[in-house]
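K.L.:
Take this sequence and fold it.
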Amino acid sequence: HNNFVALFTQIITQVKPTDVLLAGGSAGGMAVYHQCDRAKAILAKNGMGSVKLRCMPDAGLFPGDNWRHPEPGNSWMADSMESKQGLNEKCVAAYERNGSDWRICMRGAAALRYIETPIFLLNSLCERSNGLPPPCRLTLTAAWPTDNWCTAYFVSALPVPSAMWKTMDAKIKMLEGFLQATHASQMDAMAPAIDPSTPHGLFADSCHAHVESSTGCASGAAHCPEPPPLSDPLVLAGSHVKIDGLLMRESAARWYFNGSVEKRVDKGTLHLNITKVNGTAVIAPGGGYVSTNPSCAAAGEGASATLQ
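P.N.:
The predicted model follows:
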């Protein structure tokens with residue numbers, strides 16, 4: 001927090017900007033939710049209140065299963081790292097005024113309720129960092145892989161594939177329920193940006209992604225190196241993912257430069273790519289999670305899964 005205040009103040013006094021776009025992804029996206037209004041106050045304090053400020057948090061909501069309740073990890077960080085002074089001030093004040101736990105404001109979803117400066121929210125409806133497991137890379141052979149959660153989750157005995165068929169169907173249904181719950185949690189978290197009465201913009205896709213603006217390898221697919229090189233043609237999901245026929249970058253540009261109302265929520269959904277083997281549902285060859293939005297696949301979504 002102190003570093004941000006010092007560096008932002010130094011930059012604006014030296015550069016004398018006409019426009020400021022404050023952006024960050026993942027933990028940086030969470031910081032944007034907290035520093036956005038503070039940046040506006042710093043500009044005003046330095047005689048630059050008329051400077052156009054917009055903020056773009058990418059994948060910083062982290063709502064969990066219910067952002068309205070304290071979460072042990074966030075509470076520990078809030079106390080141990082003395083985070084209070086760096087959180088959204090209005091959020092903290094409101095929770096304290098009501099006798100509630102101000103540490104809930106650690107979540108970007110909570111801070112979003114109090115942000116006044118216009119923001120353009122980038123976030124997947126199927127956020128990988130919201131507890132949703134990474135894509136399934138399942139190879140049913142005697143040489144079981146050990147570097148992916150999928151094998152440990154679906155296989156109850158090794159190395160006999162028939163042992164896992166008994167529990168596969170129930171576990172797939174559980175994961176499908178988890179996908180639906182994740183979607184609902186994200187929709188609830190980003191509600192202020194969806195609200196037509198707010199100045200905020202929104203691009204919420206159904207890709208299995210984390211930090212939409214940084215990588216086209218939406219679900220860590222086998223063909224996508226980690227991290228993908230800048231030369232990778234898929235490196236920018238903003239060049240591939242579409243909602244209502246518009247690319248992410250096009251929607252953001254319309255909102256920022258033209259003042260267009262951009263509240264785009266993908267009608268697509270993420271689901272498990274399954275098939276039937278001997279009448280039992282199993283992860284299909286070629287993918288673990290698949291979105292009904294075809295542009296997610298163009299951005300690199302899909303994981304390798306092989307049944308041998």
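K.L.:
for stretch 14-21, which positions count as buried?
P.N.:
Judged by neighbour count (16 or more other Cβ atoms under 10 Å), stretch 14-21 contains these buried residues: Val20. All C-beta atoms are positioned from the backbone trio N, CA, C, and that covers glycine.
K.L.:
again with stretch 38-57
P.N.:
Neighbour-count burial for stretch 38-57, counted by 16+ other Cβ under 10 Å, picks out 38-40, 42-43, 48, 51, 53-57.
K.L.:
and Pro57, that one's in a strand?
P.N.:
Yes: checked against DSSP: H, G, I helix; E, B strand; the rest coil, Pro57 lies within a strand.
K.L.:
ok, now which ones touch it?
P.N.:
Under the criterion of Cβ atoms under 8 Å, 6 or more residues apart in numbering, the neighbours of Pro57 are 23-24, 29-30, 32-33, 36, 108, 119, 121-122.
K.L.:
Just send the residues you listed back as TSV, with pLDDT, secondary structure and neighbour count too.
P.N.:
Shown next, in TSV, are these (pLDDT from 0 to 100; DSSP: H, G, I helix; E, B strand; the rest coil; neighbours: other Cβ atoms under 10 Å):
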residue	pLDDT	secondary structure	neighbour count
Ala23	96	strand	17
Gly24	94	strand	20
Gly29	94	helix	26
Met30	93	helix	23
Val32	97	helix	23
Tyr33	97	helix	30
Cys36	98	helix	23
Gly108	95	helix	27
Ile119	98	strand	27
Leu121	96	strand	28
Leu122	93	strand	29
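K.L.:
Tell me the one of these nearest Asn66?
P.N.:
Gly108 (14.3 Å; Cβ to Cβ).
K.L.:
So that closest one sits against Ala59, correct?
P.N.:
No: Gly108 lies out of contact with Ala59 (Cβ atoms under 8 Å); the separation is 9.0 Å.
K.L.:
Show me whatever sits in contact with both of these two.
P.N.:
Applying Cβ under 8 Å, 6+ apart, one finds that Gly108 and Ala59 are jointly contacted by Gly29.
K.L.:
Sheet partners, orientation included, of whichever strand or helix holds His271?
P.N.:
Per DSSP states H and E, His271 falls inside strand 270-272. Sheet pairing here is set by DSSP bridges, and for strand 270-272 it gives strand 289-291 (antiparallel).
K.L.:
The chain: helices as residue ranges?
P.N.:
Counting by DSSP state H, the chain has helices at residues 2-15, 27-45, 72-80, 89-97, 108-112, 149-154, 162-189, 191-194, 248-258, 294-298.
K.L.:
For Ala163, report the pLDDT, please.
P.N.:
In this prediction, Ala163 carries a pLDDT score of 49.
K.L.:
Correction: the previous question concerned Pro159.
P.N.:
Value for Pro159, per-residue pLDDT: 42.
K.L.:
what residues does stretch 40-51 touch?
P.N.:
5, 8-9, 12-13, 16-20, 53, 116-117.
K.L.:
quick one: which of the residues you listed is nearest to Met81?
P.N.:
Using Cβ to Cβ, those come closest to Met81 at Val5, 15.9 Å.
K.L.:
Verify the contact between the closest one and Ala39 for me.
P.N.:
No: the criterion here is Cβ under 8 Å, and Val5 misses it with Ala39 at 9.2 Å.
K.L.:
Let's have the contacts of stretch 40-51 in a markdown table, adding pLDDT and distance to Ala252.
P.N.:
Output for the contacts of stretch 40-51, formatted as a markdown table (pLDDT from 0 to 100; distance: Cβ to Cβ, whole Å):
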| residue | pLDDT | distance to Ala252 |
| --- | --- | --- |
| Val5 | 96 | 26 |
| Phe8 | 98 | 22 |
| Thr9 | 98 | 27 |
| Ile12 | 98 | 22 |
| Thr13 | 97 | 28 |
| Lys16 | 97 | 25 |
| Pro17 | 97 | 19 |
| Thr18 | 97 | 19 |
| Asp19 | 97 | 14 |
| Val20 | 98 | 15 |
| Leu53 | 98 | 15 |
| Glu116 | 97 | 20 |
| Thr117 | 98 | 16 |
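K.L.:
Distance to His271 added to these, as a markdown table?
P.N.:
A markdown table is the format used below for the contacts of stretch 40-51 (distance: Cβ to Cβ, whole Å):
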| residue | distance to His271 |
| --- | --- |
| Val5 | 44 |
| Phe8 | 42 |
| Thr9 | 47 |
| Ile12 | 46 |
| Thr13 | 51 |
| Lys16 | 50 |
| Pro17 | 44 |
| Thr18 | 46 |
| Asp19 | 41 |
| Val20 | 40 |
| Leu53 | 39 |
| Glu116 | 37 |
| Thr117 | 36 |
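K.L.:
With Val32 as the reference, measure out to the closest residue to Met56 other than its chain neighbours.
P.N.:
Computed as Cβ to Cβ, 6 or more residues apart in numbering, the closest residue to Met56 that is not its neighbour in sequence is Ala23, at 4.1 Å. In this view, Ala23 and Val32 are 6 Å apart by Cβ to Cβ, to the nearest Å.
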